[in-house]
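S.K.: No sequence on hand, only this structure:
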């Protein structure tokens, strides 16, 4: 019996934790522990991927004749095709699909597998890669970026360290900067142990009076702080901030094959560009991250909520340079982000091509994705003053006047968030009042709303109207929250709203519709009218019966459905048992 409990790890921590386990039997046991425990889809996928790495060589080739394509999903077909090695079998499958379901995605998968198998039969056919610039490849075209020198990537360069852009607003270091420093510290500590090296966390501060934050960023995890101060940098501007950051990043680029203006030796570093870089997914951070990564000729995974570093096996010939060959890429930053649907997560990788290297591997991080670290005032770090000249032409835009907008309510960082949606339509004012009553029972709670409340035509009495404005909106176009407890009352579960709250530790949904989409991603689902359920929850909290019910449940958050609220003493879990 394995002693490894995957439930002890966050998703971003699980990959690195299991990467050294090479016992197939133990991995199978770990998978079963996850199934019996939290049963998290991303965790299951990680463990299964690790199992496949050790079992794929032992698999018997699939029998193409026995494959019932009509009963298989596209994903199932794709998995089964990986063990079909004969071109004739694959061509037969293609003919059967065309004569049957005739699904374009399935046909593309089969044709891709045919190309892959044919490629592997050609004794590692090398792929010709045209690494000329767009201007060189298409001299006859009038390029809109003709005046911009193409930034040719390094090949065979040296990369080290994880850089973190620490954003300030109104002179203060924003929380997401601290969160990224804490995560970077955690990642690089594990990285240095795994690879027996001593790479660092490098914080970047750009502004007019940012030196006052040097001790803070070191306390939160930085080993080095690169600082640029100038009175003209008081407000964020795209051009100077991009140029300064890129000059910092490329200052050590004196590699023989890399031509860059201003490339110079710096005593504190011995590499060409950073290995990794993190930006906050704020308005300014999103802009800066895209501009910097484009200028550095690398890629960017935006709006990430999970990060970990490990190896990755890739068979794409564009990446390996040889059709049909697999290659293991080392030290890859895995960047987890919600898909546009909001119901699935993708893990983005930034991986080199045979003639190009994409560094730094970059991500922007959703605020609230990681815990605020505890600062260590005893930590020491190196401070580097950036003193390269600033071009006056970068400051062609000048802010002559501005208004300080009300920053509104920050819903992030609270232990509890009570959110209401269109379900309050029968009595909008009463619905907000009930949400406020429930929130008042917790020490650290706030009230949020869906976009439907903000943009709808509801009539609210004056004393609750302030709670219905855009600054309290949760979702894709609002705030992203991750409280310990999220109560969703009268919310259907639109994908745009899910993006804003599905990182919450425990989600309790109240809805009259038993088939509401939010049920699929809630830990507890109470089928009932919020105008009846919320008062009972409030009363239960006042009398202490809610905490007693949770204690008797052992603290587990299995999916639950009930027509009654906790104070009635009957909640049925997903096994049909009563508590």
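M.R.: Good, I have the coordinates. This one's a predicted model, so the numbers in the text were calculated from it and none came from an experiment.
S.K.: in what helix or strand does residue 191 lie?
M.R.: If you go by DSSP states H and E, residue 191 is part of helix 175-195.
S.K.: If you count neighbours, what's buried in that helix?
M.R.: Applying a neighbour-count criterion of 16 or more other CB atoms under 10 Å, one finds 176-188, 190-191 buried in helix 175-195. C-beta coordinates here come from the backbone N, C-alpha and C atoms, glycine included.
S.K.: Kindly report the same for stretch 210-229.
M.R.: If you call a residue buried by 16+ other CB under 10 Å, then stretch 210-229 has these buried ones: 210, 213-229.
S.K.: and residue 83, what pLDDT?
M.R.: With respect to pLDDT, residue 83 has a value of 76.
S.K.: Show me where the stretch 1-150 of the chain dips below the pLDDT cut-off.
M.R.: Residue ranges of the stretch 1-150 of the chain with pLDDT under 70: 1, 12, 52-62, 75, 119-135, 137-138, 141-150.
S.K.: for the helix holding residue 191, packing partners?
M.R.: For helix 175-195, the helices and strands in contact under the criterion 3 or more CB pairs under 8 Å, 6 or more residues apart in numbering; DSSP states H and E are strand 159-165, strand 201-207, helix 214-219, strand 273-280, strand 306-314, strand 361-365.
S.K.: and residue 223, what is it in contact with?
M.R.: For residue 223, the contacting residues are 200, 201, 202, 381, 382, by CB atoms under 8 Å, 6 or more residues apart in numbering.
S.K.: From residue 200, how far out is the spatially most central residue of the chain?
M.R.: Per CA atoms, centre = their mean, the C-alpha nearest to the average position across the chain is that of residue 304, at 2.3 Å. As judged by CB to CB, to the nearest Å, residue 304 and residue 200 stand 21 Å apart.
S.K.: can you count the residues close to residue 112?
M.R.: A count of neighbours around residue 112, defined by other CB atoms under 10 Å, yields 13.
S.K.: any idea how far it lies from residue 102?
M.R.: Going from residue 112 to residue 102 by CB to CB gives 17 Å.
S.K.: again with residue 515
M.R.: For residue 515 relative to residue 102 (CB to CB), the value is 31 Å.
S.K.: Repeat that for residue 526.
M.R.: With distances taken as CB to CB, residue 526 is found 44 Å from residue 102.
S.K.: So if I had to pick from these two, which one is more boxed in?
M.R.: Using other CB under 10 Å, the more surrounded residue of residue 526 and residue 102 is residue 526, with 27 against 9.
S.K.: circling back: show me the two of the contacts of residue 223 that sit farthest apart.
M.R.: 201 and 382 (11.3 Å; CB to CB).
S.K.: Neighbour count: these two, which is higher?
M.R.: Taking other CB under 10 Å, residue 201 and residue 382 do not tie; residue 201 has more neighbours (29 against 13).
S.K.: partner residues bridging that one?
M.R.: Beta-bridge partners recorded for residue 201 (DSSP bridges): residue 162.
S.K.: Now do it against residue 489, distance only.
M.R.: 41 Å.
S.K.: In contact with the spatially closest residue to residue 69 that is not a sequence neighbour: list those residues for me.
M.R.: For residue 69, ignoring the flanking residues on the chain, the nearest one in space by CB to CB, 6 or more residues apart in numbering is residue 97 at 5.4 Å. By CB under 8 Å, 6+ apart, residue 97 lies in contact with 69, 103, 106, 107, 110.
S.K.: What is the least confident helix or strand in this structure?
M.R.: Ranked by mean pLDDT, DSSP states H and E, the weakest helix or strand in the chain is strand 572-573, scoring a mean of 36.
S.K.: For stretch 519-528, measure first residue to last.
M.R.: Terminal residues of stretch 519-528 are spaced 13 Å apart (CA to CA, to the nearest Å).
S.K.: Distance from the chain centre to that stretch, please.
M.R.: Between the centre of stretch 519-528 and the centre of its chain there are 24 Å (CA atoms, centre = their mean, to the nearest Å).
S.K.: try stretch 502-521
M.R.: Distance, centroid of stretch 502-521 to centroid of chain: 21 Å (CA atoms, centre = their mean).
S.K.: For it, which residues meet the burial criterion?
M.R.: Of all the residues in stretch 502-521, those buried under the rule 16+ other CB under 10 Å are 502-504, 506-511, 516-519, 521.
S.K.: What segments of the stretch 401-550 of the chain are helices?
M.R.: With helices called from DSSP state H, counting those that start in this stretch, the stretch 401-550 of the chain shows them at 428-439, 451-455, 462-465, 495-498, 530-543, 545-552.
S.K.: Can you report phi and psi for the closest residue in space to residue 37 that isn't next to it in sequence?
M.R.: In this structure, residue 37 finds its nearest non-sequential neighbour in residue 7, 4.6 Å apart by CB to CB, 6+ apart. The phi and psi values for residue 7, taken as degrees, to the nearest 10, are phi -70, psi -20.
S.K.: ok, residue 7 to residue 40 distance?
M.R.: Residue 7 sits 9 Å away from residue 40, going by CB to CB.
S.K.: Common neighbours of the two, please.
M.R.: Common contacts of residue 7 and residue 40 (CB under 8 Å, 6+ apart): residue 34.
S.K.: quick one, which of those two is more surrounded?
M.R.: Neighbour count, other CB under 10 Å: between residue 7 and residue 40, residue 40 has more, with 16 against 13.
S.K.: Could you verify my assumption that that one touches residue 34?
M.R.: Yes. Assessed by CB atoms under 8 Å, residue 40 is found in contact with residue 34 at 6.8 Å.
S.K.: re earlier: among the buried residues of stretch 502-521, name the ones in strands.
M.R.: 506, 507, 508, 509, 510, 511 (DSSP state E).
S.K.: List just the nearest of those to residue 321.
M.R.: When these are compared against residue 321 (criterion: CB to CB), the nearest one is residue 507, at 45.5 Å.
S.K.: residues in contact with that closest one?
M.R.: Going by CB under 8 Å, 6+ apart, residue 507 touches 486, 488, 501, 518, 521, 522, 523, 524.
S.K.: quick one, what contacts the second one?
M.R.: Read it as residue 488. By CB under 8 Å, 6+ apart, residue 488 lies in contact with 419, 421, 501, 507, 508, 509, 510, 511, 518, 522.
S.K.: Ok, the fifth one next?
M.R.: For residue 521, the contacting residues are 343, 493, 498, 502, 507, taking CB under 8 Å, 6+ apart as the criterion.
S.K.: try it again with 7 Å
M.R.: 498, 502, 507 (CB atoms under 7 Å, 6 or more residues apart in numbering).
S.K.: Make JSON lines out of these and add distance to residue 482 and pLDDT.
M.R.: Putting those into JSON lines (distance: CB to CB, whole Å; pLDDT from 0 to 100) gives the following:
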{"residue": "498", "distance to residue 482": "13", "pLDDT": "88"}
{"residue": "502", "distance to residue 482": "9", "pLDDT": "86"}
{"residue": "507", "distance to residue 482": "11", "pLDDT": "95"}
